[in-house]
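S.K.: Can you look at this prediction? I've put the sequence above it.
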Amino acid sequence: MRGKATILFWALGAAVLALFMADMMVGSTSLSWREVWEAVMGRGERSTVMIVRHIRLIKAVVAVLAGAALSVSGLQMQTLFRNPLAGPYVLGITSGASLGVAIFILGAPLLGAGILSAWGVAGAAWIGSALMLIVIAIVGARIKDIMVILILGMMFSSGVGAVVQVLQYLSHEDALKSYVVWTMGSLGDVTAAQLQLLAPSVVVGLVLGVVAIKPLNLLLLGEQYALTMGLDLRKSRAIIFLSTTLLAGTVTAFCGPIGFIGLAVPHVARALFDDADCRVLVPATMLVGAALMLVCDILSKYFVLPVNSVTALLGIPIVVWIVIKMQR
């Protein structure tokens with residue numbers, strides 16, 4: 001099994017590198033791998049260097065970070081709640097981000113203020129997701145049953161969704177269009193300056209995910225077993241919730257709500273490695289998520305579609321397979 005896992009890790013690593021290069025080759029103007037490499041090194045035509053280094057390279061890096069972040073957050077939620085259909089949005093983190101953006105984009109014009117900048121959208125989403133985490137953390141400190149927290153998170157999401165609908169109904173046409181575009185998700189709106197904030201946040205979230213590997217393995221057998229093994233449930237939940245918020249919240253803030261990656265990728269990793277050990281699944285999920293997001297970005301550029309549409313088209317068959325497998 002170790003030999004198989006090692007081969008799979010090397011194969012996935014090679015696939016991510018190949019897809020990373022392919023992602024920079026595809027666009028409105030196709031480039032060869034040699035042209036891309038020379039542009040990354042700062043050689044070649046000035047226009048090509050600008051396109052590759054300041055647009056396509058940043059977008060490919062964002063795709064890798066977003067895929068790894070959403071996938072690991074999905075694995076954490078599925079393990080914590082012991083529910084194969086749980087995803088990174090189960091705690092309402094994405095709903096909180098959507099509310100923040102809705103207030104910023106849809107609410108500001110109603111108050112006579114214009115849209116400030118992309119930084120404002122990202123900041124509003126981050127604040128919204130963080131506030132939702134604080135609410136969940138306060139509830140979690142008083143409630144020991146993790147399933148009750150799950151249900152409350154879903155109820156909070158529904159309530160937030162209702163508020164967003166009210167704002168959409170009252171908003172102006174231009175603001176509504178901007179919000180709808182944000183909900184479609186995009187990897188290309190992240191600037192180099194924003195990447196300097198997105199990347200460290202995702203890295204910290206992934207590090208916390210690695211720290212949570214042992215608690216996640218204990219939680220696989222249930223909370224009672226974890227308690228008998230001496231696990232501090234509140235501390236472990238706090239680490240997992242914080243990691244999920246940093247991962248899903250940050251990606252949602254800068255890229256919009258990207259669905260199905262967090263739900264589908266952990267199952268793909270489990271099927272590939274045929275293992276439930278989080279020491280294997282956490283790095284495997286990072287690699288599979290990065291590879292799948294790069295594929296989605298390549299397809300979105302090739303067919304000129306929103307990336308959220310592509311992730312849904314690829315993720316829905318996997319979700320159907322999960323449901324059928326559960327019924328069997």
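M.R.: Here it is on my side, so go on.

S.K.: give me the element L85 is part of.
M.R.: Assigned by DSSP states H and E, L85 belongs to no helix or strand.

S.K.: do the same with the one 3 residues further on
M.R.: Secondary structure assignment for P88, by DSSP H and E: no helix or strand.

S.K.: Skipping adjacent residues, who's closest to L167 in space?
M.R.: Nearest residue to L167 in three dimensions, chain neighbours excluded: L106, at 4.2 Å (CB to CB, 6 or more residues apart in numbering). No exception for glycine: its C-beta is placed from N, CA and C like everyone else's.

S.K.: Same question for G120.
M.R.: G120's closest residue in space is F104 (CB to CB, 6+ apart), at 5.8 Å.

S.K.: surely the one you found meets A122?
M.R.: No - counting by CB atoms under 8 Å, F104 does not reach A122; the two are 9.7 Å apart.

S.K.: and R2, how many neighbours?
M.R.: Counted with other CB atoms under 10 Å, residues neighbouring R2 total 7.

S.K.: I127 reaches G100, doesn't it?
M.R.: Yes - with contact defined as CB under 8 Å, I127 counts as touching G100 (5.2 Å).

S.K.: More neighbours: those two, which one.
M.R.: Each of I127 and G100 has its neighbours counted (other CB under 10 Å); G100 has more, 26 against 19.

S.K.: So, low pLDDT: which residues of the stretch 101-250 of the chain?
M.R.: Residue ranges of the stretch 101-250 of the chain with pLDDT under 70: 108-118, 140-141, 144, 146.

S.K.: run the last query once more with 50
M.R.: Across the stretch 101-250 of the chain, the ranges flagged by pLDDT under 50 are 113-115.

S.K.: which strands and helices sit next to the helix or strand where V251 lies?
M.R.: Element membership for V251 (DSSP H and E) is helix 250-255. Under the contact definition 3 or more CB pairs under 8 Å, 6 or more residues apart in numbering; DSSP states H and E, helix 250-255 sits against helix 57-81, helix 93-102, helix 118-142, helix 192-211.

S.K.: the inter-axis angle of the helix or strand that comes right after that helix versus helix 57-81?
M.R.: Next in sequence after helix 250-255, counting helices and strands by DSSP H and E, comes helix 261-273. Angle between the axes of helix 261-273 and helix 57-81 is 80 degrees (criterion: axes from the mean of the first three to the mean of the last three CA atoms, to 10 degrees).

S.K.: quick one: the one residue sitting closest to the centre of the chain and T244, what's the gap?
M.R.: Most central in the chain under CA atoms, centre = their mean is L70, positioned 2.7 Å from the mean C-alpha point. Relative to T244, L70 is positioned 10 Å away (CB to CB, to the nearest Å).

S.K.: Mutual contacts of these two, please.
M.R.: Common contacts of L70 and T244, defined by CB atoms under 8 Å, 6 or more residues apart in numbering, comprise P88.

S.K.: before we move on, what SS does S28 have?
M.R.: When classified by DSSP: H, G, I helix; E, B strand; the rest coil, S28 comes out as coil.

S.K.: how about it, phi and psi?
M.R.: phi -60, psi -30 (degrees, to the nearest 10).

S.K.: tell me which residues in stretch 35-42 are buried?
M.R.: E35, V36, E38, A39, V40 (16 or more other CB atoms under 10 Å).
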